[in-house]
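> Structure of the sequence below:
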Amino acid sequence: MSDKWDIDWQVVRVNARLIKDYDDKFNYVIDWFKDHPSKNNYGNVKNWIKMTCMGYKKDPKNWIQIIDEVNILSFQKMSLLSEVNTEDLQRVLNDLSKRKYNFQFKGRVPKGHIEFVSALEDELKVRG
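Numbers count the residues shown, from 1 in each chain. Okay, the predicted model is just below:
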């Protein structure tokens, strides 16, 4: 089970959206995973690969094979929101504010999404 509301993962996911080249996009995410090889990140990256490949109408097998070869650690410390720079927090908040859940949850926003967005907003308010 992955925790997709990990701020480190959210920053990587949003930054990957800015990369236009298909291979560069996947290499960026996989390089991050190799530097942060936890079980949680494996779940997030594997799901991201599947969904992104679906969007590109490509087969995810080669990318999944790459992450399957990474030596996964059982635990990795997640960053606190207070440890993440303001620009990254704002970029993640902007992205999540536009997210739609129509095909997954029949349009209902998951509780985890609401709580995470609220925490982002609270952290950004504290920063002014």
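> residue contacts, residue 58?
By CB atoms under 8 Å, 6 or more residues apart in numbering, residue 58 lies in contact with residue 22. All C-beta spots, glycine's among them, are computed from the backbone N, C-alpha and C.
> And residue 89, by the same measure?
Residue 89 makes contact with 7, 81, 120, 123-124 under the criterion CB under 8 Å, 6+ apart.
> again, but for residue 3
Applying CB under 8 Å, 6+ apart, the residues contacting residue 3 are 9, 40, 44, 78.
> Next one, pLDDT for the second one please.
Right, residue 40. According to the predicted model, the pLDDT of residue 40 comes to 90.
> From what I see, it and residue 6 are in contact.
Yes: if you go by CB atoms under 8 Å, residue 40 and residue 6 touch, sitting 6.4 Å apart.
> Now for these two: what residues contact both?
Common contacts of residue 40 and residue 6, defined by CB under 8 Å, 6+ apart, comprise residue 78.
> Widest-spaced pair of the contacts of residue 3?
44 and 78 (11.4 Å; CB to CB).
> Would you mind telling me which of those two has the busier surroundings?
Between residue 44 and residue 78, counting by other CB atoms under 10 Å, residue 44 is the more crowded of the two (24 against 17).
> measure that one to residue 122 for me?
The gap separating residue 44 from residue 122 is 23 Å, by CB to CB, to the nearest Å.
> Let's test this: name the helix or strand in the chain with the lowest mean pLDDT.
Across the helices and strands of the chain, mean pLDDT, DSSP states H and E gives its lowest value to helix 102-105, namely a mean of 65.
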